[in-house]
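Colleague: Sequence below, structure please.
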Amino acid sequence: MSAPKPSPSLAMAREAMQAGDPAGALALLQDMPPKLQARPNVQALAASAHFALGQDQDALAAIRAARTSGADGQWVLQLLARIQTRIGDQTGRAETLAELVERFPQDAGAHRQLAMQHLGQGDLAAAAACVAAMPATGQGAAWRLALGYQIAVKRGDAQEITRILHAILAECETCPDLPNLRPVLAELPPDVGQDLAGRLIARWPEMAPQLQARRSALDPSQQPRQPDKQALILALTGRAEEAGHLLATDRAAGPELAEAAAMIAAMPPDTALRRPLIVDDGQDVIVSPQGETGTTLIVFTGLADQAMVPIEYIDRFCAAAGHSAIYLRDSGRTLYIAGAPALAGDLEGTVTGLRALLQDRQTSRLLCMGTSAGGFAAIRYGLRLGADKVICASAPTSCTVDFVAAAGDNRGRLMMRRLQARFTATELDLEPDLRAASGRCALDLWYGAEYPIDVAHATHLAGCPGVHLRPIAGLDRHGSFAHLVISGALREFLTQ
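Modeller: Predicted structure coming up:
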């Protein structure tokens, strides 16, 4: 049986796609006779055009039809995985990536994507298996080291982290992506961490800003790779049009793009601000200009020195409410259990320092807020300072050996081991604080209802006086702050 004759319209559609005109390509394909439209290669090209236009469900239907008709090449599977990423079908995406690495074992990118998905789900053994199977040549070699670094960080294996960083220095032409490198180096023995930082900077001088000092999230030299975070930073720096263009054209971040768009839409404009905004210069303590309401908000940032968003974003809401604000960073990396070093070297001294700042702000009403690791401190300090209300997004509530083991919480193992060796079980657990407070402070604890680790931390405080658990239906990841904004909970917290 002879092969189907090539269609001029199909060739023209391919040229249109190459020229960046998916709408034109789709029009050409849809103008073809139905019999030709049913060909697997035509359906696959239509799927690519729909995807480029943001028509996700049409793209999914077309790629499935193409596969049913016999299209099963590498790029077809890659496109299916991209569609599944954008629509949030994590299970389907994992199955597609598994098929990709089985049928096309030299596809290092598929190995990497599957390993990253396993990492996100906390399955370190599966992630390590993907890394072991990844081709060790070309880009795959650097990806193997970068993923090995992330796995070692999650396992809390300081010796393996050190080995991998030495290998990166010896083998890589450019430094691969190493998330949270500065705080990770701070968890290594001081002589080892300082030596590695110096060698990394000598090898790649452009890493100096990342490793030598903390910088504002809005610093152009620190722009994140994720398009949703890039868009938020563009909006915060007055480039809303560029942010909108990025969100409209970048299709790599899945549902996070929709969240970013909603957060940008919710952001108070300049005309709504009742005091000047803060300028984040990277300090451990940042105090806003004086508000006009007598209310002060204290924000305890997490381990990334932000609050799941740049602190300038939160300050817009606070300034629109007319409140003063104090932003704290945990430079001691102790969940503020040992205080905020810029104020004092212990908890009680930090409480005294904060009371002085609150008095300077003429505070008559106190609000405390914390995201991720900062939520632990927002609760503890909020109780000691007599806060009226506390709100947390995905906060840890206990770091004792027994609790983290029972909860299956393997995050930040390097830091957890250090904290558990330094502090008592009572210092590492918030439940006694809340029981003793007898409900004097209202606490709203928001978390993803489908993210087991955050569920375990939240329900640890169930039944404590004054605690209100706020599960977010359908959320299966740690980042719950966006929901506070989009749902109006943040605005309500500040204004009521």
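Colleague: elements contacting the helix or strand bottoming out on mean pLDDT in the chain?
Modeller: Every helix and strand of the chain was ranked by mean pLDDT, DSSP states H and E. The lowest is helix 208-212, at a mean of 80. Helices and strands touching helix 208-212, by 3 or more CB pairs under 8 Å, 6 or more residues apart in numbering; DSSP states H and E, are helix 181-187, helix 190-203. In short, each C-beta sits where N, CA and C put it, glycine included.
Colleague: Tell me which of those helices sits most buried.
Modeller: helix 181-187 (a mean of 19; mean count of other CB atoms under 10 Å).
Colleague: thinking again about what came up before, would you mark the buried spots in the least confident helix or strand of the chain?
Modeller: By neighbour count on 16 or more other CB atoms under 10 Å, the buried set for helix 208-212 is Gln210, Leu211.
Colleague: what about dumping the CA coordinates of it to PDB?
Modeller: Backbone C-alpha positions of helix 208-212 (Å, rounded to 0.1, in the frame of the first residue of the first chain) are rendered in PDB as follows:
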ATOM      1  CA  ALA A 208      29.000  36.500  43.700                       C
ATOM      2  CA  PRO A 209      25.700  38.400  44.300                       C
ATOM      3  CA  GLN A 210      24.000  35.100  45.000                       C
ATOM      4  CA  LEU A 211      26.600  33.900  47.500                       C
ATOM      5  CA  GLN A 212      28.100  36.900  49.100                       C
END
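Colleague: Tyr149 touches Ala158, doesn't it?
Modeller: No - with contacts counted by CB atoms under 8 Å, Tyr149 stays clear of Ala158, the gap being 11.9 Å.
Colleague: pLDDT on the host helix or strand of Ala132, on average?
Modeller: Counting by DSSP states H and E, the element that carries Ala132 is helix 124-133. Averaging pLDDT along helix 124-133 gives 94.
Colleague: Identify the residue spatially nearest to Leu246, adjacent ones excluded.
Modeller: Using CB to CB, 6 or more residues apart in numbering and skipping the chain neighbours, the partner closest in space to Leu246 is Ala231 (4.8 Å).
Colleague: And that neighbour, what's its pLDDT?
Modeller: On pLDDT, Ala231 comes in at 89.
Colleague: Tell me which of Tyr149 and Ala158 has more neighbours.
Modeller: Using other CB atoms under 10 Å, the more surrounded residue of Tyr149 and Ala158 is Tyr149, with 23 against 19.
Colleague: related to what we said a few turns ago, the helix holding Ala132: how far from the chain's middle?
Modeller: 22 Å (CA atoms, centre = their mean, to the nearest Å).
Colleague: repeat for stretch 279-293
Modeller: Taking CA atoms, centre = their mean, the mean C-alpha location of stretch 279-293 is offset from the chain mean by 24 Å.
Colleague: Buried ones in that stretch, by neighbour count?
Modeller: Asp280, Asp284, Val285, Ile286, Ser288, Gly291, Thr293.
Colleague: Now the two most distant members of those residues.
Modeller: The distance between the two most remote of the buried residues of stretch 279-293 (CB to CB) is 25.6 Å, for Asp284 and Thr293.
Colleague: mind putting the helices and strands packed on helix 208-212 in a markdown table, distance to Val76 and mean pLDDT included?
Modeller: Listed next are those as a markdown table, based on distance: least, CB to CB, whole Å; pLDDT from 0 to 100:
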| stretch | distance to Val76 | mean pLDDT |
| --- | --- | --- |
| helix 181-187 | 37 | 89 |
| helix 190-203 | 40 | 93 |
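Colleague: Format the ones you listed as TSV; extra columns: distance to Gly140.
Modeller: Listed next are the helices and strands packed on helix 208-212 as TSV, based on distance: least, CB to CB, whole Å:
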stretch	distance to Gly140
helix 181-187	21
helix 190-203	21
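Colleague: Looking at the ones you listed, spot the one closest to Gln359.
Modeller: Across the helices and strands packed on helix 208-212, Gln359 has its closest neighbour in helix 181-187 (32.3 Å, CB to CB).
Colleague: Let me see the residues that make contact with that closest one.
Modeller: By CB atoms under 8 Å, 6 or more residues apart in numbering, the surrounding residues in contact with helix 181-187 are 153, 158, 161, 178, 193-194, 196-197, 200, 210-211, 214, 303-304, 333, 414-415, 418.
Colleague: if you set the cut-off to 6 Å instead, what comes out?
Modeller: Applying CB atoms under 6 Å, 6 or more residues apart in numbering, the contact partners of helix 181-187 are Val153, Gly193, Leu196, Ala197, Leu211, Leu414, Met415.
Colleague: Is it correct that the third one is in contact with Leu165?
Modeller: Yes - the pair Leu196 and Leu165 passes the contact test of CB atoms under 6 Å, sitting 5.3 Å apart.
Colleague: quick one: low-confidence ranges for the chain?
Modeller: For the chain, the stretches flagged by pLDDT under 70 are 1-7, 213-216, 219-225, 249-254.
Colleague: What is the neighbour count of the residue nearest to Leu246?
Modeller: 27.
Colleague: picking that back up, could you dump the contacts of helix 181-187 into JSON lines and include distance to Ala482?
Modeller: Shown next, in JSON lines, are the contacts of helix 181-187 (distance: CB to CB, whole Å):
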{"residue": "Val153", "distance to Ala482": "25"}
{"residue": "Gly193", "distance to Ala482": "33"}
{"residue": "Leu196", "distance to Ala482": "34"}
{"residue": "Ala197", "distance to Ala482": "33"}
{"residue": "Leu211", "distance to Ala482": "29"}
{"residue": "Leu414", "distance to Ala482": "28"}
{"residue": "Met415", "distance to Ala482": "25"}
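Colleague: Show me what the longest helix along the chain is packed up against.
Modeller: When the chain is parsed with DSSP state H, its longest helix is helix 139-155. With contacts defined as 3 or more CB pairs under 6 Å, 6 or more residues apart in numbering; DSSP states H and E, helix 139-155 has these neighbours: helix 108-120, helix 124-133, helix 158-171.
Colleague: following the least confident helix or strand of the chain, which helix or strand comes up?
Modeller: Using DSSP H and E, the helix or strand that follows helix 208-212 in sequence is helix 227-236.
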